[in-house]
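Undergrad: Structure for this input, please:
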Amino acid sequence: MRQTLQDQKPLKVEPVKTVKEEMRVMRPAQPMRPEPVIRVKEEPKPAEPTRLRKPYNVKRMSRQGHFGTTFLCVEKGTGKEYACKSITKRKLLTEDDEDDVRREIEIMHHLSGHQNVISIKGAYEDAVEVHVVMELCTGGELFDRILNMGHYTERKAAELARTIVSVIETCHSLGVMHRDLKPENFLFVNEQEDSPLKTIDFGLSVFFKPGEIFRDVVGSPYYVAPEVLGKRYGPEADVWSAGVIIYILLCGVPPFWGETEQEIFQNVLHGDLDFSSDPWPNISESAKDVVRKMLVRDPIRRLTAHEALCHPWVQDDGMAPDKPLDPAVLSCLT
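TA: Numbers count the residues shown, from 1 in each chain. Purely as a prediction, here's the structure:
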């Protein structure tokens, strides 16, 4: 029997740095710009690290990660609340680990201004930790919000898909590859029905040049692209991950699943897409078409983020029908 997401949450694939890449590029030389949807402004970077506790009061913990913890903090001068990701320096064991933190901060500044990318307030440092202060999102994760909806339709799924693909398109146009797109990395700003959806966690993200090949295996099992497992990939891998998320938004289960991490990987590499089991017979052909084209194993034949954004099902006021999805979809997401 097919597992639900409750049965097995996606596991983290730790980066396997098999190549000391010349590929670690801090800034894109000629970033690809396939008619970007939005102009993203550059924010000034903080000049020198400053101690966090001078301008902020740190309150409760909200999220535990591999390298550190995210706290709620309050700016003393304004009373405004922010999220603070505090990264423990003693866990940064190698120069690559330190470079990853620097690059994450640089990428967040580079993407600053996109309405669906979490905004960075500043980066600070003390003797023990590096602190990244950013926009606070209190509206919950993507799937949790869907579960709380009284009315979940295919059109709503298309709206969420449009936001996800728009972020990818802007990232790619600015020479950034996320490399860890999954539902947990999309948060709502607040609990209002019209709350913006924000992309978070650029810890595995990299700058890239057109045609550049990456070889380190990173990501999360259900969402990792086959070419990542083959250790030869580019930004097309982000589109695959988005295709997996959209598949789950429509039917409640991942397209490639398994009892073990290795079984998941084998299905990612060789498994067939299922569009025959419930609820797929009741889902529009247009939805199946875009998912199928985003989950083409050959990255050269896969839709680009810009092409996916232009697909009739994804477009605003497009072909996605405003009819409720099968209630079983919600039960699978729990």
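Undergrad: Walk me through the domains of this structure.
TA: Residue ranges for each domain of the chain read 40-134, 138-333, as given by automatic domain parsing.
Undergrad: all helices for the stretch 101-250 of the chain, in order.
TA: 142-148, 154-173, 226-229, 236-251 (DSSP state H, counting those that start in this stretch).
Undergrad: Any chance of the ones you listed in a markdown table with distance to Cys310 and mean neighbour count as columns?
TA: All C-beta atoms are positioned from the backbone trio N, CA, C, and that covers glycine. As requested, the helices of the stretch 101-250 of the chain are exported to a markdown table (distance: least, Cβ to Cβ, whole Å; neighbours: other Cβ atoms under 10 Å):
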| stretch | distance to Cys310 | mean neighbour count |
| --- | --- | --- |
| helix 142-148 | 23 | 17 |
| helix 154-173 | 10 | 23 |
| helix 226-229 | 23 | 21 |
| helix 236-251 | 13 | 25 |
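Undergrad: Quick check: which of these is nearest to Thr199?
TA: helix 154-173 (4.8 Å; Cβ to Cβ).
Undergrad: Could you name the helices and strands sitting against that closest one?
TA: strand 197-199, helix 236-251, helix 285-294, helix 305-309 (3 or more Cβ pairs under 8 Å, 6 or more residues apart in numbering; DSSP states H and E).
Undergrad: quick one: low-confidence ranges for this structure?
TA: For the chain, the stretches flagged by pLDDT under 70 are 1-54, 62-63, 65-67, 150.
Undergrad: closest one to Thr94 among the helices and strands packed on helix 154-173?
TA: With Cβ to Cβ, the closest approach to Thr94 among the helices and strands packed on helix 154-173 belongs to helix 236-251: 23.9 Å.
Undergrad: immediately after the closest one, which helix or strand?
TA: helix 261-270 (DSSP states H and E).
Undergrad: Once you drop chain neighbours, what's closest to Ile200?
TA: Leaving aside its sequence neighbours, Ile200 sits nearest to Ile118 (Cβ to Cβ, 6 or more residues apart in numbering; 4.8 Å).
Undergrad: re earlier: now the helices of the stretch 101-250 of the chain as CSV including distance to Asp316?
TA: Listed next are the helices of the stretch 101-250 of the chain as CSV, based on distance: least, Cβ to Cβ, whole Å:
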stretch, distance to Asp316
helix 142-148, 19
helix 154-173, 7
helix 226-229, 31
helix 236-251, 16
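Undergrad: Out of those, which is closest to Ile300?
TA: helix 236-251 (7.9 Å).
Undergrad: how many degrees apart are that closest one and helix 285-294 in direction?
TA: 150 degrees (axes from the mean of the first three to the mean of the last three Cα atoms, to 10 degrees).
Undergrad: how about helix 236-251 as PDB, C-alpha atoms only?
TA: Provided in PDB are the C-alpha atoms of helix 236-251 (Å, rounded to 0.1, in the frame of the first residue of the first chain):
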ATOM      1  CA  GLU A 236      16.700  22.200 -13.900                       C
ATOM      2  CA  ALA A 237      16.800  20.200 -10.700                       C
ATOM      3  CA  ASP A 238      14.800  22.900  -8.900                       C
ATOM      4  CA  VAL A 239      12.000  22.500 -11.500                       C
ATOM      5  CA  TRP A 240      11.900  18.700 -10.800                       C
ATOM      6  CA  SER A 241      11.500  19.400  -7.000                       C
ATOM      7  CA  ALA A 242       8.700  21.900  -7.700                       C
ATOM      8  CA  GLY A 243       7.000  19.300  -9.900                       C
ATOM      9  CA  VAL A 244       7.000  16.800  -7.000                       C
ATOM     10  CA  ILE A 245       5.500  19.400  -4.700                       C
ATOM     11  CA  ILE A 246       2.700  20.200  -7.200                       C
ATOM     12  CA  TYR A 247       2.000  16.400  -7.600                       C
ATOM     13  CA  ILE A 248       1.600  16.200  -3.800                       C
ATOM     14  CA  LEU A 249      -0.600  19.300  -3.800                       C
ATOM     15  CA  LEU A 250      -3.000  17.600  -6.200                       C
ATOM     16  CA  CYS A 251      -3.100  14.000  -4.800                       C
END
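Undergrad: Cool, thanks, talk later.
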